[in-house]
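**Q** sequence unknown, structure follows:
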């Protein structure tokens, strides 16, 4: 049975991804900053018939928390097959480039960018023990510099410096990590689940969490011939589903 860790999995897209992967027979560590809250969610999932899910405390901004989570997975599983770096924050709005403080920008980067690096580096040796390791960095179409430079893009006017910059940086990390691991069986990709209606955006997005989770899984649970170092988006109306960087 393949083992998955999803950060920020106690709600919205992360929670739905947990449910769908459980239904597909994978064992999922439901990452939550608040362990009690995560355990309560897992209890509810069990009552609804879901199996092979365990809540695990992980705060991606805290070294000790991440290391403790890694130790638990190592002790219980000995390896990790799939890491889905899903935890993310929007930050305070508005986010004007001319006035948003460095401290506010750093706060968003701590979760969306440095948090991903912290978790990935901590779990890398466990992923290397898998026959088919996968790392999916959950990004946003707002991280695309190409789209942000296109006045015809439907989200062109959304220029939130903290969030946008953090996701662009995350995309860059994805590219460099995929290249570094290219001679190993890793598949490392940036995945944009699309503009989805969640509490993250006050339920303003047109997409559903079911569609978002399904898209993430489609581009995560891939075979040995699957792509790596790509940027997939659920908002791209193209057969390839690839977003410009």
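**A** Thanks, I have it. Everything quoted here is computed from the prediction, not taken from an experiment. Residues are numbered from 1 along each chain as shown.

**Q** burial measure for residue 89, as a count.
**A** 18 (other C-beta atoms under 10 Å). Heads up, the C-betas are built off the backbone N, CA and C, glycines and all.

**Q** dump the residue contacts of it.
**A** Applying C-beta atoms under 8 Å, 6 or more residues apart in numbering to residue 89 gives the contacts 107, 108, 111, 112.

**Q** what number of residues lie near the last one?
**A** Counted by other C-beta under 10 Å, the residues lying close to residue 112 total 28.

**Q** need the contact list for it.
**A** 88, 89, 163, 166, 167, 169, 170.

**Q** gap between it and residue 24?
**A** 27 Å (C-beta to C-beta, to the nearest Å).

**Q** Then the first one?
**A** If you measure residue 107 against residue 24 using C-beta to C-beta, the figure is 35 Å.

**Q** okay, the two: which has more neighbours?
**A** residue 107 (17 against 13).

**Q** For the more buried one, what is the enclosing helix or strand?
**A** Assigned by DSSP states H and E, residue 107 belongs to helix 102-112.

**Q** Also residue 56?
**A** Going by DSSP H and E, residue 56 is part of strand 53-57.

**Q** which other residues reach that strand?
**A** Residues from elsewhere that reach strand 53-57 (C-beta under 8 Å, 6+ apart): 5, 10, 18, 22, 27-35, 38-39, 41-42, 45-46, 65, 68-69, 72-73.

**Q** Just the buried subset of those, please.
**A** The neighbour count (16 or more other C-beta atoms under 10 Å) marks 5, 10, 18, 22, 27-33, 38-39, 41-42, 45, 65, 69, 72-73 as buried among the contacts of strand 53-57.

**Q** Of the residues you listed, which belong to strands?
**A** If you go by DSSP state E, these have 5, 27, 28, 29, 30, 31, 32 in strands.

**Q** mind listing what the closest residue to the second one other than its chain neighbours touches?
**A** Right, the one you point to is residue 27. Nearest residue to residue 27, sequence neighbours excluded (C-beta to C-beta, 6 or more residues apart in numbering): residue 52, at 4.4 Å. By C-beta under 8 Å, 6+ apart, the contact list for residue 52 reads 1, 22, 25, 26, 27, 28.

**Q** now residue 143
**A** 164, 166, 167, 168, 170, 171, 190, 192.

**Q** Highest neighbour count among these?
**A** Of those, with other C-beta under 10 Å as the count, residue 166 tops at 31 neighbours.

**Q** just checking, that one touches residue 109?
**A** Yes. Contact criterion C-beta atoms under 8 Å: residue 166 and residue 109 qualify, at 5.0 Å.

**Q** can you give me the strands in the chain?
**A** 3-6, 27-32, 53-57, 82-85, 134-138, 187-192, 231-233.

**Q** Quick check, central residue of this structure?
**A** Geometric centre of the chain, nearest residue: residue 86, 2.5 Å, by C-alpha atoms, centre = their mean.

**Q** Now for that one: which residues touch it?
**A** Residue 86 makes contacts with 6, 7, 8, 9, 13, 14, 17, 31, 138, as judged by C-beta under 8 Å, 6+ apart.

**Q** are any of those buried, and which?
**A** Of the contacts of residue 86, these count as buried by 16+ other C-beta under 10 Å: 6, 7, 8, 9, 13, 14, 17, 31, 138.

**Q** Contacts only, for the first one.
**A** Spelled out, that is residue 6. 14, 17, 18, 21, 28, 29, 30, 31, 84, 86.

**Q** for the fifth one, same thing?
**A** In this structure, residue 13 makes contact with 86, 138, 193, 196, 198, 209, 212, 213, 216, judged by C-beta under 8 Å, 6+ apart.

**Q** Go through the contacts of residue 112 and name the one nearest residue 150.
**A** Nearest to residue 150 out of the contacts of residue 112 is residue 167 (C-beta to C-beta; 16.6 Å).
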